[in-house]
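Colleague: Sequence first, then the predicted structure:
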Amino acid sequence: QVHLMESGGGLVQAGGSLRLSCAASGSFFGVNAMGWYRQAPGKQRELVATITNIGSTDYAESVKSRFTISRDNAKNTVYLQMNSLKSEDTAVYYCKAEVAVTATPYRNLAFWGQGTLVTVSS
């Protein structure tokens, strides 16, 4: 069983900053790619940023230069530093992790967190 615990959401004024965290816990052999997705009211869930286990990153165009994804492999934790927040960043932010749950045979499964709400007031 793998559990992802997110934290750090809240209410912030436009132009402000927030830092989200997501820690993976449970029984597994390793955590591969991790990422953040978001879903605004009435919209589909979209990718925000991803990071591989060796630190390669990818960002949605809308957040490039404002958001930074990072991870601590020793803590199985991924972070999302969000700066210069805009009202359109308001959404529920979800953490996703690809986890190696068994070594033999090798099984890599995707898990999602429960989501954390980010509200940016204009």
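Modeller: Noted; the coordinates are in hand.
Colleague: any chance you could read off phi and psi for residue 75?
Modeller: Phi and psi for residue 75, reported as degrees, to the nearest 10, are phi -100, psi 0.
Colleague: if I look at residue 70, how far off is residue 108?
Modeller: From residue 70 across to residue 108, the span is 22 Å (C-beta to C-beta, to the nearest Å). C-beta: built from backbone N, CA, C; applies to glycine.
Colleague: Residue 21 now?
Modeller: Taken as C-beta to C-beta, the span from residue 21 to residue 108 is 23 Å.
Colleague: now residue 68
Modeller: From residue 68 to residue 108 the distance is 26 Å (C-beta to C-beta).
Colleague: Next up, the contacts around the nearest residue to residue 103 once chain neighbours are set aside.
Modeller: Excluding the flanking residues, the one nearest residue 103 by C-beta to C-beta, 6 or more residues apart in numbering is residue 29, at 5.0 Å. Residue 29 is in contact with 100-103, counting by C-beta atoms under 8 Å, 6 or more residues apart in numbering.
Colleague: Next, count neighbours for residue 19.
Modeller: Residues within reach of residue 19, counting by other C-beta atoms under 10 Å, total 14.
Colleague: I am finished for the moment; much appreciated.
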